[in-house]
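> dropping a prediction and its sequence here:
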Amino acid sequence: SGFVTTTLSSHNIRLCDDALVTTSLWPSCPMCPGGIHVVFVQIDVAEKAVTKRTAVAEARVLFPPNVAEALRGNGFNSAKGPVFQTAIIAGVMAAKRTHELIPFCHPLGLENCKIHIDMEGDTAVIRCIATVEMEALTGASVAALTIYDMCKALSHDIVITGTRLLEKSGGRSGHFKSAT
């Protein structure tokens, strides 16, 4: 296996190209000047049983009242274009690329990804339904970031909050439903 050397907080780190998801600190590592040795361990999913999976994630974008009013008055269009439609496209695109955005997240087949955006008062509620939880969380998060980007000319007081997994089924850990 080859190694990649990178710098993180002024420390050289060697990553094996089949790196794994555990981190350890080894102050006396002879390979690592500065005394920090980080090992990443990729989880092997080759032997996992194939199960039907689904996940629902949510993110919220809180608008100042004058921004929410301006968006409603313009049919949820900003100077950049249609806000929610653009956010839906960006969220789906991001969900499909989750494994490229999050280190050590396995590329899994995305059989389904739907994003719904509704206004509750002055808050845009984004729900992403996808095959697996990381893709659902990524889709909801990037949709929220896109809404911010599309509306930042109106205000920088827009707040992204409440990104969370609402429910998931399938996979090794089985069913999960948020208590709130």
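Structure received.

> report the contact partners of residue 116.
Listed by CB atoms under 8 Å, 6 or more residues apart in numbering, the contact set of residue 116 reads 126-127, 129. Where C-beta positions appear, they are placed from N, C-alpha and C, glycine not excepted.

> ok, residue 119 touching residue 126?
No. The criterion here is CB atoms under 8 Å, and residue 119 misses it with residue 126 at 10.8 Å.

> could you identify the helix or strand that succeeds the longest helix seen in the chain?
For the chain, the longest helix by residue count, based on DSSP state H, is helix 133-151. For helix 133-151, the succeeding helix or strand toward the C-terminus, using DSSP states H and E, is strand 159-169.

> other residues contacting that following strand?
By CB under 8 Å, 6+ apart, strand 159-169 touches 52-62, 127, 132-133, 136-137, 140-141, 144-145, 148, 175-178.

> so which bits of that strand are buried?
160, 162, 165-169 (16 or more other CB atoms under 10 Å).

> hmm, back to that, tell me what the longest helix of the chain is packed against?
Helix 133-151 sits against strand 54-62, helix 83-96, helix 98-101, strand 113-120, strand 123-130, strand 159-169, with contacts defined as 3 or more CB pairs under 8 Å, 6 or more residues apart in numbering; DSSP states H and E.
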